[in-house]
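Asks: 3D model of this:
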Amino acid sequence: MGTVAVARADKVWFGTQASHAQNYTNFLTTDQVYNRGAFQFEQKLTTFPNDEKRNSRTRLRPVDERFPPGTWSMQTFVKDASAAGTVPEVDALLRAGVGASATKASTRTGATTPATTQFSLTNTTSRTNTGILVKKGTAQGDYYEYTWVVSMAATSGGKRRVRGSPALGTAPATNTVVVGSVTYAPAATTPAAVAILTLRDHTSFRLTGGSANQHTWTAPGEGPATIDWAGEFMRHYVTGSDGLASALAVGATQTRVDGSAFRFQQGSMILIKEGSKTEVVYVNADPATNATATLTGLVRARKGTTATAFTTAANITPWYPGCLATSAAAPQGRPIAGFKGVVKLDGASAIVREITSSCNNNSKMATGEKN
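Replies: Numbering: from 1, shown residues only. Now for the predicted structure:
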């Protein structure tokens with residue numbers, strides 16, 4: 001008896017948007033964030049009852065109003081970075097949730113006095129070349145620093161722990177070598193927006209104008225450290241799978257599909273494949289009707305592919321980063337176990353059973369203003 005893989009087909013990518021009003025983002029393979037469990041999202045069309053006086057025995061159909069902001073959530077591991085001075089896998093989410101980031105990739109040597117508050121999750125017993133995420137507190141609020149640590153310092157008790165990582169732009173003193181860091185701090189302006197692309201089996205969903213309102217870090221006494229993310233988004237768009245119902249010429253800008261044209265909303269990026277032939281096509285128009293199951297406004301030869309002629313044997317599937325053979329794989333990093341770490345409060349090491357740290361930027365999408 002065979003085994004059906006369901007959860008493995010759930011993938012998600014996060015790309016930074018210039019504004020919440022931006023409609024399309026070019027996702028890259030490096031934008032993938034490896035989620036635990038399912039990526040959850042919901043957006044329901046609101047309606048109001050039609051109570052006009054009509055000469056009818058039946059109740060009138062409710063009137064469609066609008067799509068209010070949707071909500072999304074997921075969970076990830078806490079991971080180290082792929083190399084010194086590089087951003088972690090959840091970089092786009094941290095910039096959207098905290099506000100801004102600054103990268104320091106140059107080598108710095110020395111040690112400094114421990115920061116006022118540090119929250120680090122790392123292997124301090126056997127791995128001496130790893131990334132840690134440090135939470136610090138200032139008069140302006142909390143922020144996070146992701147630092148690559150090459151060496152550890154021994155305490156009087158014989159245990160090994162990470163010394164205080166130097167502040168950005170500050171020359172450290174002695175003993176510890178730190179190579180590269182990425183700091184996430186509150187920004188003076190609105191936090192960055194994110195676009196989200198999620199692939200579920202044979203259907204992809206593109207979420208635009210997204211935010212990361214809250215993220216909660218959990219380091220249990222045993223088991224992996226995790227981050228729970230939650231936010232909002234403005235609109236979602238659907239791209240499905242189907243087959244061609246008519247041949248597609250090289251210069252054609254419309255085609256018919258076997259099933260429903262409504263599976264391919266405007267903004268869909270699709271992959272047409274027949275044997276060894278592949279082409280990525282952008283759908284630049286919403287289907288007017290499903291009577292003829294016709295897709296219009298096709299922009300051909302996207303993502304470095306070439307316009308190709310296809311027969312009715314061709315299949316249509318959603319495009320996603322990495323679906324082409326020439327695409328590079330995204331780095332994954334390594335999950336970090338919660339019991340391998342050091343917690344410092346006001347510069348002193350503290351022994352705890354577990355830690356939960358939550359950051360909420362208190363941002364909400366305004367739905368009542370007409371501006």
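Asks: ok, residue 350 - how many residues close by?
Replies: Residue 350 has 10 neighbours, counted by other C-beta atoms under 10 Å. Where you see a C-beta, it was placed from the backbone N, CA and C, and this is true even at glycine.
Asks: what's the distance between it and residue 306?
Replies: Counting by C-beta to C-beta, to the nearest Å, the gap from residue 350 to residue 306 is 60 Å.
Asks: and the helices in the stretch 251-371 of the chain, which stretches?
Replies: Using DSSP state H, counting those that start in this stretch, no helices are found in the stretch 251-371 of the chain.
Asks: can you show me the strands along it?
Replies: Here the stretch 251-371 of the chain has its strands, by DSSP state E, counting those that start in this stretch, at 255-256, 269-274, 277-283, 294-295, 298-302, 315-318, 341-345, 348-350, 355-360.
Asks: residue 230 is nearest to which of those strands?
Replies: The closest of these to residue 230 is strand 355-360. By C-beta to C-beta, the value is 9.1 Å.
Asks: which other helices and strands contact the closest one?
Replies: Helices and strands touching strand 355-360, as assessed by 3 or more C-beta pairs under 8 Å, 6 or more residues apart in numbering; DSSP states H and E, comprise strand 214-219.
Asks: how far off strand 355-360 does the strand it packs on point, in degrees?
Replies: Counting by axes from the mean of the first three to the mean of the last three C-alpha atoms, to 10 degrees, strand 214-219 lies at 170 degrees to strand 355-360.
Asks: show me what the helix or strand just after strand 214-219 is packed up against.
Replies: Proceeding N to C from strand 214-219, the next assigned helix or strand is strand 226-233, under DSSP states H and E. Applying 3+ C-beta pairs under 8 Å, 6+ apart, one finds that strand 226-233 contacts strand 70-77, helix 91-98, strand 203-210, strand 214-219.
Asks: go with 6 Å
Replies: strand 70-77, strand 203-210, strand 214-219 (3 or more C-beta pairs under 6 Å, 6 or more residues apart in numbering; DSSP states H and E).
Asks: where in this protein is pLDDT low?
Replies: Counting by pLDDT under 70, the chain shows low-confidence ranges at 1-9, 81-85, 102-181, 188, 326-332, 338-348, 370-371.
Asks: coming back round to it: most tightly packed of the helices and strands packed on strand 226-233?
Replies: Mean neighbours per residue, mean count of other C-beta atoms under 10 Å, is largest over the helices and strands packed on strand 226-233 for strand 203-210, with a mean of 22.
Asks: returning to that earlier point: export the strands of the stretch 251-371 of the chain to a markdown table and append columns for distance to residue 64.
Replies: Output for these, formatted as a markdown table (distance: least, C-beta to C-beta, whole Å):
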| stretch | distance to residue 64 |
| --- | --- |
| strand 255-256 | 28 |
| strand 269-274 | 27 |
| strand 277-283 | 23 |
| strand 294-295 | 24 |
| strand 298-302 | 28 |
| strand 315-318 | 26 |
| strand 341-345 | 51 |
| strand 348-350 | 55 |
| strand 355-360 | 32 |
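Asks: tell me how far the residue lying closest to residue 61 once chain neighbours are set aside lies from residue 64.
Replies: Distances taken as C-beta to C-beta, 6 or more residues apart in numbering put residue 50 closest to residue 61, at 6.5 Å, once the chain neighbours are dropped. Distance of residue 50 to residue 64, computed by C-beta to C-beta: 10 Å.
Asks: same check, this time on residue 94
Replies: 37 Å.
Asks: isn't the residue nearest to residue 61 right up against residue 63?
Replies: Yes: between residue 50 and residue 63 there is a contact under C-beta atoms under 6 Å: 5.1 Å.
Asks: who is residue 242 paired with across the strands?
Replies: Beta-bridge partners for residue 242, by DSSP bridges, are residue 316.
Asks: contacting residues around it?
Replies: By C-beta atoms under 6 Å, 6 or more residues apart in numbering, residue 242 lies in contact with 257-259, 316.
Asks: out of these, who's nearest residue 98?
Replies: Lowest distance from residue 98 to the contacts of residue 242 (C-beta to C-beta) belongs to residue 316, with 39.2 Å.
Asks: what about that closest one, how many residues nearby?
Replies: Residue 316: 26 neighbours (other C-beta under 10 Å).
Asks: tell me the phi and psi of the nearest residue to residue 75 once chain neighbours are set aside?
Replies: Setting aside the residues directly before and after it, residue 75 is nearest to residue 36 in space (C-beta to C-beta, 6+ apart), at 4.6 Å. Main-chain torsions, residue 36, degrees, to the nearest 10: phi -100, psi 130.
Asks: neighbours of residue 36, how many?
Replies: Neighbours around residue 36, by other C-beta under 10 Å: 15.
Asks: my guess is it contacts residue 74, does it?
Replies: No: Residue 36 lies out of contact with residue 74 (C-beta under 6 Å); the separation is 7.6 Å.
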